[in-house]
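> All I have is the shape, not the residue letters:
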């Protein structure tokens, strides 16, 4: 075995300080010497690191970073270096399964697909295609999302399409649309190489984007080190590195961000010329934030006034600034409103559209950007506006279908509403691909009940048996990364290609092949009676996608498989005007907000009420960005006497989502084998809990039992990682989402995983109660009942 470093113990590796350019450092881990290296990119966070897959005798034997890739310059994080071992797992699904007499039994592909098509046709005939829903992922490839999007929108004509991206980064898209008129990050990762200051809001970069954190650490270990501000209630590795750490109270992002904006405006540290020429809404913003003095912020958010002033001084005087936001914003109260305040900070200072000035409304998954771009999340492909008849007509012409089959009579159905429709019985078939909602959705007792309803036919395609496949009517074995070819786009709009390195195991098929097969069997047709899906290979699908993007913000027309295979990734828009890609959007201060071009007409940040086309046209910003103001609204569930603590959930550096891949890597599993509850020193003392003791955590919706970790979190707050479910049979209730609340942001519709009211107690008390109730010795009772 060859390993350039122990990435489990040394997560970020040795420092290579930035002096003029970010030095190359190629990270590699192989079990044996490969016969060949195949170009790819990592799919275990949204950073999109270029990598090569090492293959020997038709088996993956290792990976290495691509030195020429601009995203990572050869570096890889622990998940990238280790999780590929899941491809070799003996637990891979290799044959379709059909539920017969209450049990999942092996079936042929024809049997499984014929059953899906039969049920689809019966449901369409009896209830219309509005009774069919799709719930996909941030793990598929661009070509797969686009194929699925065309099937759903032009084949079936169902508005019920979304991805698990709704759970992690829907707010990223919502905030970008709200401010700039369309999705798409304005900056580039290279902005970190020259910026004067970095702001992380609700983003534990050291854990969630390890290679991005390497880039930041290397800048901070070199000359002209940028200042770092972190807003997070936990004392994470990211927060420990910060020059200023604002440890805010749960649910108070808006007070803290408004307080920072107020100080910067009061100090006159704004670009008035830029504001007047390129934005609308400044006076309302100024008035809204003026009420948030440092003293009031301290009273509401528990952030000391002196620390707020110190952060504002850095943000107000930096000549360049990079800001990032992630789940601490997106999964909290007022998610879109808070994310827009990050955008506002850059706009009022004129720090956008040039080197060193980047806004990263981060994604959580490697292909989440493509879910949004391609229309697999309900939005129209290529950032078209579902409320603009001309945009709908463009798609109808492109696909050669009747305009009325494309759903545009109401907003697309978001994931939380899709599951509600399943619960109510109006959706009869739910097709889930590459995601595990029986662990990742909020309030899991409810989700399990929905998936087990007799009148809901559940189709799941996945690579492994999961908590969700256990509840399916049909399970389709899917190929995964390394076993298929396709493209995907990271946070800073860099497009990579991943070439097929090995064959999938047994009868597993790519999601692309499954969707194309479904379209053929359903006999979806265009108006000229030709097949609706006119492509048979991923490359043909990519070429079709390029035409869909022509003239849109995410223009791919200058890209090709050949061009992407030459070296590193390329940032869209890439077209005749920008043949080498585009590092920065909006360099001239012209934004995608014109009535005819924008992706949305906007929403009220507090209520989610949509701005009508007529209202938008009457107040059209004509290429100016929106400064969206928002005042504070407290979380709807608060700690009280019965449930006196805040619960917040999140991720760990060694795992991805529900561990279907990372949990099958021995090194990653051993590094983080189980869930835990993190509590403050003060709360541990109050409840008599010591490090390592088992603790019961109870909310109004469920309960879990976890091992205690004490320290590095604010008093009154407990933290549980959400990755852990039940597929590896822990024999206790441990999924964090047993506890979380069914509630979502009014604009982005992203669920609120970051707050719930809970109480805790030593699990030993529970064990003794169970032992007494069942007449057993307490030593034999080590768990509470599994849900």
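Structure's in. What do you need? Remember, predicted model here, so these are calculated numbers, not experimental data.

> ranges for the helices of the stretch 1-150 of the chain?
Secondary structure of the stretch 1-150 of the chain, counting by DSSP state H, counting those that start in this stretch: helices at 78-82, 109-127, 142-150.

> just the stretch 251-400 of the chain next, same as before
Remark: helices assigned in the stretch 251-400 of the chain by DSSP H, counting those that start in this stretch are 253-266, 272-278, 282-289, 294-301, 305-317, 327-330, 335-349, 368-374, 389-399.

> same question, the stretch 401-550 of the chain
Secondary structure of the stretch 401-550 of the chain by DSSP H, counting those that start in this stretch: the helices cover 415-424, 437-440, 444-451, 511-522, 538-549.

> separation between residue 740 and residue 756?
Applying Cβ to Cβ, to the nearest Å, the value for residue 740 to residue 756 is 5 Å. In this view, the C-beta of every residue, glycine as well, is placed from N, C-alpha and C.

> same deal with residue 444?
Residue 444 is 13 Å from residue 756, where distance means Cβ to Cβ.

> So which of the two has more stuff around it?
Remark: of residue 444 and residue 756, residue 756 carries more neighbours, 29 against 25, as counted by other Cβ atoms under 10 Å.

> quick one, phi/psi of the more buried one?
Per-residue torsions, residue 756: phi -160, psi 150 (degrees, to the nearest 10).

> Can you tell me the SS state at the closest residue to it other than its chain neighbours?
Spatial nearest neighbour of residue 756, excluding adjacent residues (Cβ to Cβ, 6 or more residues apart in numbering): residue 647 at 4.5 Å. Secondary structure, DSSP: H, G, I helix; E, B strand; the rest coil: residue 647 is strand.

> returning to what we had before: quick one: common contacting residues for residue 740 and residue 756?
The contact sets of residue 740 and residue 756 overlap at 647, 699, 701 (Cβ atoms under 8 Å, 6 or more residues apart in numbering).

> Pull out the buried members of those residues.
Buried subset of the shared contacts of residue 740 and residue 756 (neighbour count, 16 or more other Cβ atoms under 10 Å): 647, 699, 701.

> The last one - nearest residue in space that isn't next to it in sequence?
Closest residue to residue 701 apart from its sequence neighbours, by Cβ to Cβ, 6+ apart: residue 443 at 5.0 Å.

> and the one you found, how many residues sit next to it?
21.

> Please tell me how far it sits from residue 644.
21 Å.

> Could you confirm residue 715 falls within a strand?
No: remark: residue 715 does not belong to a strand; assigned using three-state DSSP, it is coil.

> so it touches residue 680, yeah?
Yes: Residue 715 lies in contact with residue 680 (Cβ atoms under 8 Å); the separation is 4.4 Å.

> Looking at these two, which is more packed in?
Neighbour count, other Cβ under 10 Å: between residue 715 and residue 680, residue 680 has more, with 21 against 13.

> hang on, isn't the more buried one packed against residue 713?
Yes: counting by Cβ under 8 Å, residue 680 touches residue 713, with 5.1 Å between them.

> Any idea how far apart the tips of stretch 354-369 sit?
End-to-end distance for stretch 354-369: 22 Å, by Cα to Cα, to the nearest Å.

> Who are the contact partners of the spatially closest residue to residue 86 that is not a sequence neighbour?
The shortest distance from residue 86 to any residue other than its chain neighbours is 3.9 Å, reached at residue 661 (Cβ to Cβ, 6+ apart). Contact analysis of residue 661 by Cβ under 8 Å, 6+ apart lists 44, 83, 86, 463-464, 480.

> Can you give me the distance of residue 704 to residue 644?
17 Å.

> Tell me which of these two has more neighbours.
residue 704 (26 against 14).

> Relative to residue 530, which of the buried ones among the shared contacts of residue 740 and residue 756 is nearest.
Using Cβ to Cβ, residue 701 comes nearest to residue 530 of those, at 50.2 Å.

> Verify the contact between that closest one and residue 741 for me.
Yes: Residue 701 is within contact range of residue 741, at 7.0 Å (criterion: Cβ under 8 Å).

> Please enumerate the shared neighbours of the two.
In terms of Cβ under 8 Å, 6+ apart, residue 701 and residue 741 are both contacted by the residues 443, 756.

> tell me which residues in stretch 64-74 are buried?
The neighbour-count check on stretch 64-74 (16+ other Cβ under 10 Å) flags 64-67, 69-74 as buried.

> same thing with stretch 423-441?
423, 427-441.

> Can you give me the end-to-end span of it?
14 Å.

> show me what contacts residue 11?
77-78, 206, 210, 653.

> mind running it again at 10 Å?
5, 77-78, 206-207, 210, 213-214, 237, 653-654, 671 (Cβ atoms under 10 Å, 6 or more residues apart in numbering).

> Redo those as TSV? Include pLDDT, neighbour count and secondary structure.
Formatted as TSV, the contacts of residue 11 follow (pLDDT from 0 to 100; neighbours: other Cβ atoms under 10 Å; DSSP: H, G, I helix; E, B strand; the rest coil):
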residue	pLDDT	neighbour count	secondary structure
5	90	18	coil
77	98	30	coil
78	98	28	helix
206	98	23	helix
207	97	19	helix
210	98	24	helix
213	98	23	helix
214	98	27	helix
237	97	16	helix
653	98	23	coil
654	98	27	coil
671	98	19	helix
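
> which among those gets closest to residue 534?
For these, the nearest to residue 534 is residue 77 (38.9 Å; Cβ to Cβ).

> excluding its backbone neighbours, what's nearest the closest one?
In space, residue 77 is closest to residue 210, 3.3 Å off (Cβ to Cβ, 6+ apart).

> for the residue nearest to residue 149 when sequence neighbours are not counted, what are its contacts?
Of all residues not flanking residue 149 in the chain, residue 375 sits nearest, at 3.4 Å (Cβ to Cβ, 6+ apart). Contacts for residue 375 (Cβ under 10 Å, 6+ apart) come out as 145-146, 148-150, 152-154, 161, 381-384, 386, 395, 406, 412, 548.

> What pLDDT is listed against residue 375?
pLDDT, residue 375: 93.

> Same check on residue 577?
97.

> which SS class is it?
Strictly by three-state DSSP, residue 577 counts as coil.

> Neighbours of it, how many?
9.

> Residue 610 now?
By other Cβ under 10 Å, the residues close to residue 610 number 16.

> how far away is the closest residue in space to it that isn't next to it in sequence from residue 178?
In space, and not counting its chain neighbours, residue 610 is closest to residue 603: 5.5 Å by Cβ to Cβ, 6+ apart. From residue 603 over to residue 178 the distance is 7 Å, taken as Cβ to Cβ.

> Looking at the two, which is more packed in?
Neighbour totals were compared for residue 603 and residue 178, and residue 178 leads with 23 against 20 (other Cβ under 10 Å).

> Which secondary structure elements does the host helix or strand of that one sit against?
Using DSSP states H and E, residue 178 falls within helix 170-180. Judged by 3 or more Cβ pairs under 10 Å, 6 or more residues apart in numbering; DSSP states H and E, helix 170-180 is in contact with helix 165-168, strand 321-325, helix 327-330, helix 335-349, strand 358-361, helix 368-374, strand 625-626.

> what's the following helix or strand after it?
Once the chain leaves helix 170-180, the next helix or strand it forms, by DSSP H and E, is strand 197-201.

> tell me the domain ranges of the chain?
For the chain, automatic domain parsing gives the domain ranges 2-88, 97-167+367-489+506-553, 170-362+592-626, 645-784.

> closest one to residue 586 among those domains?
With Cβ to Cβ as the criterion, residue 586 lies closest to domain 170-362+592-626 of the domains of the chain, at 4.3 Å.

> can you give me the helices in the stretch 551-700 of the chain?
Under DSSP H, counting those that start in this stretch, the stretch 551-700 of the chain gives helices at 561-564, 613-618, 666-671, 681-687.
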